[in-house]
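[1] Sequence isn't available, so here's the structure alone:
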């Protein structure tokens, strides 16, 4: 079956979320000061990422809502029983710094340019449409994607097959006609494969392993992969 569309993850796939989050939190802590229990900014940054991963997983599993996971991250990080408004204010001050650091990875626009004529493009994200649509517009690439499908509005998250199928339905394509590109081997590539799509793991950190997955180290490899992967019937449009 011919691949006709590429579905994209956003955070740490086309948008440097980890870099922006670290820069933003470093600036935030410079103003707020280190919470009790941390000996250095670097230690706090590592803890913030680990806390984020835990509470985002709770959100993805339906154990909390989007705003709730933000509040819980703040409370655990500062080790204080903050009220909702206080936690929201703390997070908003962090977001102000985080958003000034937003950027695309440098390989994104060249890949999108090369793929523009051969494939349709859309987004499937485990975040909310409010956050991700605004992010794509701020980064100047919203018009590259004909649809943005998000878990908060769907009520179902990757790696559940229903999330991938919902995005395929928006495109009016069968799963076998769609490739999914994301930075997580299980949530993104593995979930896509299980749902019948072509799953592509974008392994920017060169973690390696997972030989059962289609893996690329950067988006510069994606056009050639889609052009030459005759197993999936991709059109040879890149020479």
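    That came in fine, so what should we check first? Worth saying up front: this structure is predicted, and the values here are computed from it rather than measured. Residues are numbered from 1 along each chain as shown.
[2] Does residue 190 touch residue 200 like I think?
    No - counting by Cβ atoms under 8 Å, residue 190 does not reach residue 200; the two are 11.0 Å apart. All C-beta atoms are positioned from the backbone trio N, CA, C, and that covers glycine.
[3] Touching both of these two, which residues are there?
    With contacts defined as Cβ atoms under 8 Å, 6 or more residues apart in numbering, no residue is shared by residue 190 and residue 200.
[4] Out of these two, name the residue with the larger neighbour count.
    residue 200 (26 against 19; other Cβ atoms under 10 Å).
[5] Helices along this structure, start to end?
    Remark: helices assigned in the chain by DSSP state H are 17-32, 41-60, 66-78, 84-100, 108-115, 129-138, 151-154, 161-171, 191-194, 222-228.
[6] Sort out which residues of the fifth one are buried, please.
    Counting neighbours by 16 or more other Cβ atoms under 10 Å, one finds that the buried residues in helix 108-115 are 108, 109, 111, 112, 114, 115.
[7] Check the longest one too.
    Neighbour-count burial for helix 41-60, with 16+ other Cβ under 10 Å as criterion, is recorded at 44, 45, 48, 51, 52, 55, 56, 59, 60.
[8] How far away from the center of its chain is it?
    On the basis of Cα atoms, centre = their mean, to the nearest Å, the separation between the geometric centre of helix 41-60 and that of its chain is 15 Å.
[9] contacts for it?
    By Cβ under 8 Å, 6+ apart, the list of residues contacting helix 41-60 reads 18, 21-22, 25-26, 29-30, 34-35, 38, 64-66, 68-69, 72-73, 76-77, 126, 151, 157-158.
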